Structures are given as C-alpha cells and as structure tokens.
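> Attaching a predicted model along with its sequence, questions to come.
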Amino acid sequence: MKPSHSPAPSRRQFLKSSLATGAGLTILPSGTLANSPNNKLNIALIGAWGRGQRHWDSLDKENVVALCDVDSEFLGFAKKRFPKARTYEDWRQCIEQKDLDAIVCCTPDHTHAFIAHWALNRDLHAYIEKPVAITVDEARTLRAAYLPKKDKLATQVGMQRHADPNFDRVRELVRDGAVGDLKDVFVWGNRQIPRPGYLPAGGDPPAKLNYDLWLGPSPYHPYNEGYFDYDAPGANCLNWNMYWDFGIGQMGDMGSHTMDLAWNAIDAGLPTSVSAQGEEFNPEVTPVRLTSTWEFPANDWRGPIRVFWHQGGDMPKSPQPFIDLNRIGHGAMFKGTKGFLIADFSRRILMPYGKGADLSYYQARAKEDVTPDLGGFYEDWTDACKNGNPADTACNFEYSADMIETMALGLVAYRAGEKLAYDGEAGRVSNHSQANAYLTKPYRDGWVMNG
Ligand SMILES: NC(=O)c1ccc[n+]([C@@H]2O[C@H](COP(=O)([O-])OP(=O)(O)OC[C@H]3O[C@@H](n4cnc5c(N)ncnc54)[C@H](O)[C@@H]3O)[C@@H](O)[C@H]2O)c1
C-alpha cells in the first residue's frame, strides 16, 4: 500500500485560529459547572502529593477548590499550597463537591478507571495519570462511558512526553513513507523491578494513612510499609505497581509512555490477535521479562502490521550489528519495506536500507504541512476544557483506552499461554474461553466502577 501524504491532523491549529480571531476561551457548560470566575476551572486534585505535587505549578493557573488524599500529612502539605480548597480523604465524597468543573487524579493505578468513570458520570472534565486502566474490561467500560460525552468533556491521560515534537516527527516520517510500507513496530523498556509476591503483614498502618481507602476497590492485602516509601515523591508507584491488584507493572508504567510514541504514529485501533511469552506466571506479581505481539488490520493509509512490546531485558533484534538498541532504555523501532526508523522520546534515526537507500521513494513534507507543536501537555487539556473542542486533546480517553486495552490484552495472552484471537468489537477472546475471565479482575464488595 502506498503511504499517503496527508498531514497528520493538528490539534493545535483550531486552538491557534480561535485565539487569533479573538474568540477567547469560554468554559464549556458541562453539567454542573459554570461556577468559575475569570474563565478558570474549579479543580479537585485527587492524590495531592507524590505525582500530584508535580501538577501544583500548572494547577496554580486554575482554581484548586478541593483536595483529596488518604494520607492526612500529605493532604496538609497540599492544603498549605492551596489554602482555599476543601479537603477530603475519600474521593467518592470529594467528587460530589458541587462547584467542581474538573478533576486531576494522581492516585495509584488500581483506582484510576473508577475515579475517571465517576468523574464522567458527574460531567466533570478529567486529567488522569497513566495508566488510565489496568484491565481490558476497565479500559472498555471507561471508553464506552466517555464516547457519548466526548463533545462535552475534555479528558487527558498523563502521558506528557507526547508533547515532545519528536512524537509528531516520528508520526510524519512513518505516515509519509520514510520507511516504505510499514510492516512491524517494536517498542521496548528495560526497567526491572523483581518482587516475589505481595508483602507480608507488617503491623498497623500509621495513623495518618487511611489504608482501607488506599486499597479502595482492590481485594484486601495486609498493610506493609514497603508499599509506602515516599523518599522520592512521584516515584512511590515503583513500590506497588507490579502487583496485579495495584497495577500492571512496566506496561502501565514506562510502557504507557513508550507505547504512546508508537501508538501516535500507527493509528492502530484494536488488535485481532495477541500472544505473549515471558517468565513463569506469578499470580501475585506481573512479569519482569515479557514479549507481547499483536496483529492489527490494515487501515486507510497502511497495510496490516504487527506490534511487539519487549520489557525487562527482552529486546528486538537490531537491524545492524553497529546499532546497539540496548543503549536506548525506552524506545521504538518502525520497520518498513525500505528501512528502519529508531526513536526514543526526543530523538530519531532514519535508516534506509538496500537498493532503495537513495530515499528517492520518499518526499519530505513541506514546512507548512509540518504538524504544529502541541505546546504544554497540561494546557492541551485545560484549553480543551474551555475552547469548544473537548475531544481535541492528545491523549483523550478513547486514544488512551484503546492503547491500554491492547497492552492489558498482552498480559491476558501471557496468562493464557496461547495465541489469542480477539474480537475488538465484542471485547471477547474467540478461541480460548478461559482467557475471557482474565479480561477483568476481582474487586472488593461495595466498590463499583460505574458509580
Ligand atoms: N506521568 C508520569 O510521568 C508519572 C510519573 C510518576 C507517577 N505517575 C503516576 O502517578 C500516579 C501516582 O504515582 P505516585 O508515585 O505519586 O504514587 P503514590 O503512592 O506516591 O501516591 C500519590 C498520592 O496519592 C495518594 N493516594 C493514594 N491512594 C489514594 C486514594 N485512594 N485517594 C486519594 N489519594 C490517594 C497518596 O497518599 C499520595 O499522596 C500513578 O498512577 C503513577 O503511574 C505518572
């Protein structure tokens, strides 16, 4: 299939032109909002410390009217920064505050799909840290709730590396045929955090922590301080995200960022098959070492492709002995009929090969067709909350749910131990009935995602 040369759709063009014509920004009338003076959003920050703290400077530009954290000490830190905000320890109460327009959610991964879904149900714009879901079913349920509201609610998943212009340059090279017809895409991450199993009971939680609310929808696991090492705020996720009830390990962690580099370029949709191989399955901990492979059907600009995810030491084969892919900790490689494109988050190398290496098959796009920079990733979302184009964010819930559904399917195939045929329309594995049970996970009584 000949690659098309249509420019990648620009999310920013509309923003720029609407500003240029003096249209200004108007907060959308979405449900209960419209309480915000000066066109600022009334925001609840849920998960106020750790990664949440990294959002504080951006949040300064809006009104932080509510703060929620299960740790009273961390809530106190945030309250000092945002003294006018009301405080909560239970996000289910926080989200009911009547003057909210939007939430920013930086809680652990096992709560994301729940908080996101509850926010949509209350017509709140939502910025949710990655990964937006940890099972296939969570991703599908959230996307189904989002799509009917996509013209009303702005959503963003915290894959902020997406704002690096390299993401669009990679997309343009792939779409414009710089590697010829795209065939295979390899994505990898080298992080390794091995754990044998859930931590043993480690005494009572400190008085400042509501551990029951921390567990939230997760099945019960006894408290252990090993889940809570806050020496490096924003990195505590590395103490819990490998346990099946709290996260999906590297796929949800760095995998969210690195797969995004490829996902942005391939217009994948959902796969028709998935297989995976890794270390022996551990029912308590996600794998360190894993390779997962998906097949995707052709779309309107390319033929069918395969996508490979390698983690924890598994790596794709280098196209040339003098290129050491191991020097790229988190990267992506696109293989086409005419060459390779290798990228990390901010750089790329194009390597045409064989007799076609003169690049005559490829026409670089004109300057005016180059995708305008996304600008600030957070502002991409706040602008979309206000500008009349709420679906126009880089990593909205449709894009992000498709991506994480695909990755979570890789873990389903790993657990099933067989190549699975997937019906993305129905959300069912068609050749392995037991695998369908792995599309979801158990939750504690009293917690509902669609609440
Ligand atoms: N986008 C990125 O680059 C990036 C970087 C780091 C972390 N993250 C993501 O941010 C999230 C948080 O990671 P972290 O390392 O800050 O984790 P963390 O364990 O430090 O938790 C963050 C905060 O949430 C609070 N919290 C926990 N459960 C809560 C609940 N149910 N309700 C309200 N508050 C709750 C904690 O007390 C803490 O203040 C994770 O989903 C992680 O994947 C993203």
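Now that the structure is in, tell me what you want to look at. Just so it is clear, the model here is predicted, and its values are computed rather than measured.

> Would you map the strands across the stretch 251-400 of the chain?
273-278, 290-296, 305-311, 330-336, 339-343, 348-352 (DSSP state E, counting those that start in this stretch).

> what's the fifth one in contact with?
Taking contacts as CB atoms under 8 Å, 6 or more residues apart in numbering, the residues outside strand 339-343 that touch it are 166, 170, 173-174, 178-180, 261, 319, 323, 325, 328, 331-334, 348-353, 356-357. The way it works is simple: take the backbone N, C-alpha and C, and place the C-beta from them, glycine included.

> Which ones among these also lie next to the ligand?
Checked against the ligand using CB under 6 Å from any ligand atom, the contacts of strand 339-343 give no members in range.

> Write out the residues of the stretch 201-350 of the chain neighbouring the ligand.
Selection of the stretch 201-350 of the chain residues close to the ligand by CB under 6 Å from any ligand atom yields 213-214, 216, 234-237.

> Out of the residues you listed, which comes closest to residue 62?
Residue 62 has its nearest neighbour among these in residue 234, at 20.4 Å by CB to CB.

> check contacts around the closest one.
Per CB under 8 Å, 6+ apart, neighbours of residue 234: 50-51, 53-54.

> Quick check: it vs residue 266, distance?
Going from residue 234 to residue 266 by CB to CB, to the nearest Å gives 30 Å.

> if we can go back for a sec, type out the ChimeraX command that picks the buried ones from the contacts of residue 234.
This is the ChimeraX syntax for the buried subset of the contacts of residue 234, where burial follows 16 or more other CB atoms under 10 Å:
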select :50,51,53
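
> Next, give me the two most distant ones among the contacts of residue 234.
Among the contacts of residue 234, 50 and 54 lie farthest apart (CB to CB), at 8.2 Å.

> okay, and the common contacts of the two?
With CB under 8 Å, 6+ apart, residue 50 and residue 54 have common neighbours 106, 234.

> pretty sure residue 135 contacts residue 437?
No. The pair residue 135 and residue 437 fails to qualify as a contact (CB atoms under 8 Å) at a distance of 11.1 Å.

> neighbour count winner among these two?
residue 135 (22 against 12; other CB atoms under 10 Å).

> Let me know the pLDDT of residue 357.
Looking at residue 357, its pLDDT stands at 85.

> gap between it and residue 446?
62 Å.

> Looking at the two, which has the bigger crowd around it?
residue 357 (12 against 6).

> how about the more buried one, what does it touch?
residue 339.

> The one 4 residues further on now?
Under the criterion of CB under 8 Å, 6+ apart, the neighbours of residue 361 are 177, 180, 338.

> So which of those is the closest to residue 102?
Nearest to residue 102 out of the contacts of residue 361 is residue 177 (CB to CB; 40.0 Å).

> which element is the closest one on?
Using DSSP states H and E, residue 177 is not contained in any helix or strand.

> Same question for residue 413.
helix 397-416.

> any idea of the angle that helix forms with strand 290-296?
For helix 397-416 against strand 290-296, the angle by axes from the mean of the first three to the mean of the last three CA atoms, to 10 degrees is 120 degrees.
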